[in-house]
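Enquirer: Model the following, please.
(one chain, ligands or ions: 1)
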Amino acid sequence: MCGIVAYIGPREAYPVILKGLKRLEYRGYDSAGIALLNGGLKVYKKKGRVSELEDSLLGKDLHANIGIGHTRWATHGEPSDTNAHPQTSASGKLAIIHNGIIENYSQLKQELTKKGYKFNSETDTEVLLNFIEDIQKNNECSLEEAVRIGLKRVVGAYVIVLVDQEHPDTLIAARKGSPLVIGVGKGEHFLASDASPIIEYTKEVVYVNDYELAIIKADELILKNLGNDKLTPYITKLDMELAAIEKGGYDHFMLKEIFEQPNTIYDCLRGRLDVEAGTITMKGIEEYAEQIMNASRIVMVACGTSWHAGLVAEYIFEELCRINVEVEYASEFRYRNPVINKGDVIIAISQSGETADTLVAIENAKSKDAIILGVVNVVGSSIARVSHGGAYTHAGPEIGVASTKAFTAQLAVLTMIALKIARKKDTISEERYRHLLEELHAIPEKVFKLLESIEHIKEIAEKYKNARDFLYLGRGYNFPVALEGALKLKEISYIHAEGYPAAEMKHGPIALVDENLPVVFVATKDAHHHKVVSNIQEIKARKGKVLAVVTEGDETTIGLCDDVFVVPEADEIVAPMLNVIPLQLLAYYIGIAKNYDVDKPRNLAKSVTVE
Ligand code: G6P
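Expert: Residues are numbered from 1 along each chain as shown. All right, here's what the predicted structure looks like:
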């Protein structure tokens, strides 16, 4: 949540920062601002998108070689020009950008108010900045020193970057709990919430860790801990191409990412799955294979779409590995007092690797000697770094706020882990194991075929776009797919949608059914198919409109439905990777039909780094 960018070096700072903010808009887009140092501090901020800020600055002299910028997802204080970042200090000399929440800000604010400080905004950020300025004044110390002292009293999560008009050659940054990447160029440095604003200038980056402070000049990067000890910056090479973060001819990132799925699933399997040899190679799992096999239970922790991937995996692990699995919302898991025993295996599933609740949940479990495995998309992210082992999903940068390709890649990784453990534990027959390897291997090709036959989804979207509510139903492996379909529709089209287990609908949701309610069934051929078909009949008997994801050739089910999305035949274990795709597209095209910004849906943000 919130994107931050900063630059120092010989280039014009403004265009670098502006472009960076546009790349980070997926993190928040209710207001944006930039501060530049050029013979004084100049701050420009505006409610709305980054492009609105850009328009308001046309014709202004924005020359500067140092600056900071921010795109906001509001926490403290409504979206407004005043609450936008950068915030400035009482003296007007300092400016700050912040991603995170200062939890004890009201206490700090009270202390400062007693000293006579007045605040323009409702933000916790302005309080933090004045708190730092107050320390600087009282101790007659440098800004770096004041930040270090101040942060010792701060409770909460933050990435902050500060500039001081009296020292226009230095940026001061610090992190705890929110992400910060520093790009190291020749005589220049770039700071950002992720690597996307940096990639076109340099591939050498430093991932700043919690409780670290960076003092950055054009040609110097000093890293320190809060105890003022110098640390050696560890430079990593980015394995990402610029094309991966551009739209590549598609109207929206979401559509591009849906269509990338044949490749992203393939990339995820590549080098791991060897059908001929009958092997799955995953180093970060192999090291912990014994512990996983012998664990009395596995707990999957995640949020949003990643939580749905965990639900599918629960069914797969229990079926193939005969290990008890629980799937937890990270935000619930961390705040109750869960029983975690030494040797429990916790699998954190996260696209961004930065979701605050998931991160803290695994940190807590780690402190109780659980084994933490990460199934993460963003390389080098916080969750990946806290985890003992795990596997990356290799889906490439996902920019559309509604997750699509990350979900299918998570399913591919989790299925491979389950197959690997089942094989080692001998809970799967050789024949079934080999069959599932082939089925998994065939998925990218089947997704490709499926995506070639989706033109009619646009018409279906047009037909149902004015519905007030939708119901999504599925059983077994397809129940979490129904949940995910409903979530996509809510996120993108703002239509109320509920996902339910198909049989459970008789215990409540069936009361909603009338001739106006579209009911989407995930009704592909699996062990429960005939039961789902009965549920379709029950909806038809009550005049509901039935849309269904059905298996190619299943004419009986096709004949029962008002509209169908036909998918290639696949084993039920791997079928969710296919079945979800028409539901992603249905949400996308309904969002488009309603003229919404599908890449930046209202109120949402992609990376939720606040709790
Ligand atoms: C946000 C995003 C969702 C995502 C969820 C979990 O809500 O909008 O798309 O599924 O966070 O994010 P993670 O990065 O941990 O998978």
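Enquirer: OK, now which residue of this structure is nearest to the ligand?
Expert: Residue nearest to the ligand within the chain: residue 304 (2.8 Å; C-beta to the nearest ligand atom). In short, each C-beta sits where N, CA and C put it, glycine included.
Enquirer: can you list the residues of this protein near the ligand?
Expert: 303-306, 350-352, 355, 358, 401-403, 604, 606-608 (C-beta under 6 Å from any ligand atom).
Enquirer: go with 5 Å
Expert: Within the chain, the positions lying close to the ligand (C-beta under 5 Å from any ligand atom) are 303-306, 350-352, 355, 403, 608.
Enquirer: Residue 238 and residue 201 touch, don't they?
Expert: No - if you go by C-beta atoms under 8 Å, residue 238 and residue 201 don't touch, sitting 10.8 Å apart.
Enquirer: that older thread, who wins for neighbours among the residues of the chain next to the ligand?
Expert: residue 350 (34 neighbours; other C-beta atoms under 10 Å).
Enquirer: Quick one: residues contacting that one.
Expert: 302-303, 306, 358, 374-377, 381, 383 (C-beta atoms under 8 Å, 6 or more residues apart in numbering).
Enquirer: what's the lowest-pLDDT member of those residues?
Expert: Across the contacts of residue 350, the smallest pLDDT goes to residue 381, namely 89.
Enquirer: what about the helices in the stretch 451-600 of the chain?
Expert: 456-464, 478-493, 529-541, 555-560, 576-593 (DSSP state H, counting those that start in this stretch).
Enquirer: May I see those helices arranged in a markdown table, with mean pLDDT, mean neighbour count and distance to residue 521 as well?
Expert: Listed next are the helices of the stretch 451-600 of the chain as a markdown table, based on pLDDT from 0 to 100; neighbours: other C-beta atoms under 10 Å; distance: least, C-beta to C-beta, whole Å:
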| stretch | mean pLDDT | mean neighbour count | distance to residue 521 |
| --- | --- | --- | --- |
| helix 456-464 | 95 | 17 | 14 |
| helix 478-493 | 97 | 26 | 8 |
| helix 529-541 | 91 | 17 | 6 |
| helix 555-560 | 94 | 14 | 9 |
| helix 576-593 | 97 | 26 | 10 |
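Enquirer: can you redo the ones you listed as CSV with distance to residue 89?
Expert: Formatted as CSV, those follow (distance: least, C-beta to C-beta, whole Å):
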stretch, distance to residue 89
helix 456-464, 50
helix 478-493, 38
helix 529-541, 61
helix 555-560, 65
helix 576-593, 42
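Enquirer: between those helices, which gets nearest to residue 156?
Expert: helix 478-493 (27.2 Å; C-beta to C-beta).
Enquirer: Skip ahead from whichever strand or helix holds residue 110 and say which helix or strand is next.
Expert: Per DSSP states H and E, residue 110 falls inside helix 105-114. Where DSSP H and E defines the elements, the next helix or strand beyond helix 105-114 is helix 124-139.
Enquirer: which outside residues touch that next one?
Expert: Counting by C-beta under 8 Å, 6+ apart, residues outside helix 124-139 touching it are 75-76, 85, 87-91, 93-98, 101-102, 105, 108-109, 111-112, 115, 117, 119-120, 141-143, 145-147, 149-150, 153-154, 156, 158, 160, 162.
Enquirer: which parts of that helix are buried?
Expert: Using 16 or more other C-beta atoms under 10 Å as the test for burial, helix 124-139 gives 124-136.
Enquirer: Not counting the helix or strand that comes right after that helix itself, show me its contacts.
Expert: Moving toward the C-terminus from helix 124-139, the next helix or strand (DSSP H and E) is helix 143-152. Contacts of helix 143-152 with the rest of the structure, by C-beta under 8 Å, 6+ apart, involve 94, 128, 131-133, 135-136, 139, 141, 158, 160, 162, 164, 167, 170, 172, 174, 176, 211, 213, 215, 224, 226, 228.
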